[in-house]
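Trainee: Structure of the sequence below:
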Amino acid sequence: MSGVVLVTGVAGYIGTLLREGLPARGHTVRGLDVVPVQGHLVADATDLAAVTAAAEGTDALVHMAGIATEASWAAISHANIEGTYVALEAARRAGVRRVVLASSNHATGMSPRVSSAQTDAQPRPDTYYGVSKVTMEALGSLYADRYGLDVVCLRIGSALPAPVTPRHLSTWLSPADTVGLVHAALTAPSPGFAVVWGVSGNTRGWWDLTSARALGYAPVDDAETHAAAVIAAHGEPVPGTVEHDRVGGEYAGPDFAVDAVAARAQA
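Mentor: Okay, here's the model as predicted:
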């Protein structure tokens with residue numbers, strides 16, 4: 001499927017990658033964000049009327065808007081949970097049949113780290129942020145089953161220009177692979193409801209990419225090309241720490257509570 005794609009959160013990091021990268025793969029991007037971006041729509045992704053109007057005449061909706069880290073329950077529930085409902089309901093009302101949702105590894109962040117982890121494991125969110133991603137996947141499943149939408153949830157690892165910490169050597173999603181993964185989610189024939197890991201083809205990767213590859217995703221990057229520099233700067237991961245032992249890394253630790261996040265933001 002190519003054509004016109006509505007991208008919410010088009011001013012963000014991933015949104016920027018998509019508005020620059022998807023056109024080269026045959027898609028026309030119609031963006032929406034509260035932050036003005038030239039040539040795109042200015043609206044709140046929790047405004048159902050505005051998002052429905054923006055979705056009219058599009059072929060797919062890629063929902064990237066929301067808070068991308070831990071925050072208060074009030075903020076997370078409004079931006080991330082209400083925002084996901086709005087994206088799916090707007091797609092339904094506008095007759096858009098394909099929705100791609102930006103989920104996160106933090107939906108399973110309290111899970112012990114294992115190799116080749118599947119996406120069908122029990123949700124174990126590590127934060128309110130992680131809870132919002134579990135809810136995102138549940139809403140996506142509902143809209144796929146009840147209304148027949150094709151909904152692909154991308155359980156994104158660490159979407160960054162380059163890996164920075166030892167954990168990122170396992171969880172990195174490169175810019176090129178970010179675009180490639182979304183393109184695969186947009187073009188896979190009749191995916192129904194799918195949850196796939198969103199990471200590059202990392203040598204040290206923890207997560208099974210079989211379901212993502214089944215959509216047509218073919219990662220081109222590997223965090224191992226950055227390993228020497230990352231390990232020289234930070235050392236190898238230390239067993240017995242949350243950064244090493246839990247899927248969510250520091251998000252799974254007691255110091256990543258809402259109060260601690262707020263305190264760091266004010267420092």
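Trainee: helices or strands next to the longest helix anywhere in the chain in the packing?
Mentor: Determined from DSSP state H, the single longest helix within the chain is helix 128-147. Counting contacts by 3 or more CB pairs under 8 Å, 6 or more residues apart in numbering; DSSP states H and E, helix 128-147 is packed against helix 73-76, helix 83-94, strand 98-104, strand 150-156, strand 193-198. C-beta coordinates here come from the backbone N, C-alpha and C atoms, glycine included.
Trainee: residue closest to the middle of this protein?
Mentor: Ala102 (2.9 Å; CA atoms, centre = their mean).
Trainee: picking that back up, now the longest helix of the chain and strand 98-104, what's the angle there?
Mentor: Put simply, helix 128-147 runs at 160 degrees to strand 98-104, going by axes from the mean of the first three to the mean of the last three CA atoms, to 10 degrees.
Trainee: What average pLDDT does helix 128-147 get?
Mentor: When pLDDT is averaged over helix 128-147, the result is 98.
Trainee: Enumerate the positions of that helix that are buried.
Mentor: Of the residues in helix 128-147, those buried by neighbour count under the rule 16 or more other CB atoms under 10 Å are 128-137, 139-141, 143-144.
Trainee: what's around Ala49, how many residues?
Mentor: 11 (other CB atoms under 10 Å).
Trainee: ok, back up a step: between all of the buried residues of helix 128-147, which two are separated the most?
Mentor: Tyr128 and Ala144 (24.7 Å; CB to CB).
Trainee: how about low-confidence regions in this structure?
Mentor: 1-2, 257-267 (pLDDT under 70).
Trainee: ok, and the residue of it positioned farthest from its centre, which helix or strand is that part of?
Mentor: Within the chain, the residue lying farthest from the chain centre (CA atoms, centre = their mean) is Ala232, at 29.1 Å. Here Ala232 sits within helix 227-234, counting by DSSP states H and E.
Trainee: Can you tell me how far Val114 is from Pro163?
Mentor: Going from Val114 to Pro163 by CB to CB, to the nearest Å gives 20 Å.
Trainee: I misspoke; the intended subject was Val10.
Mentor: Distance, Val10 to Pro163, by CB to CB: 25 Å.
Trainee: of all the helices and strands packed on helix 128-147, which lies closest to Pro219?
Mentor: Nearest to Pro219 among those is strand 193-198 (10.0 Å), distances taken as CB to CB.
Trainee: any residues touching that closest one, and which ones?
Mentor: Strand 193-198 is contacted by residues 103, 105, 117, 119-120, 137, 140-141, 144-145, 150-157, 159, 173, 178, 181, 185, 188, 207-209, 211-212, 215, 217 when judged by CB atoms under 8 Å, 6 or more residues apart in numbering.
Trainee: and those, which are buried?
Mentor: Applying 16+ other CB under 10 Å to the contacts of strand 193-198 flags 103, 105, 117, 119, 137, 140-141, 144, 150-157, 159, 173, 178, 181, 185, 188, 207, 209, 211-212, 215, 217 as buried.
Trainee: ok, back up a step: buried set for the helix holding Ala232?
Mentor: Neighbour counts over helix 227-234 (16+ other CB under 10 Å) mark Ala227, Val230 as buried.
Trainee: and what of stretch 96-114?
Mentor: Within stretch 96-114, the residues that count as buried by 16+ other CB under 10 Å are 96-111, 113.
Trainee: just how off-centre is that stretch within its chain?
Mentor: Put simply, stretch 96-114 sits 7 Å off its chain's centre (CA atoms, centre = their mean, to the nearest Å).
Trainee: That stretch: end-to-end distance?
Mentor: End-to-end distance for stretch 96-114: 37 Å, by CA to CA, to the nearest Å.
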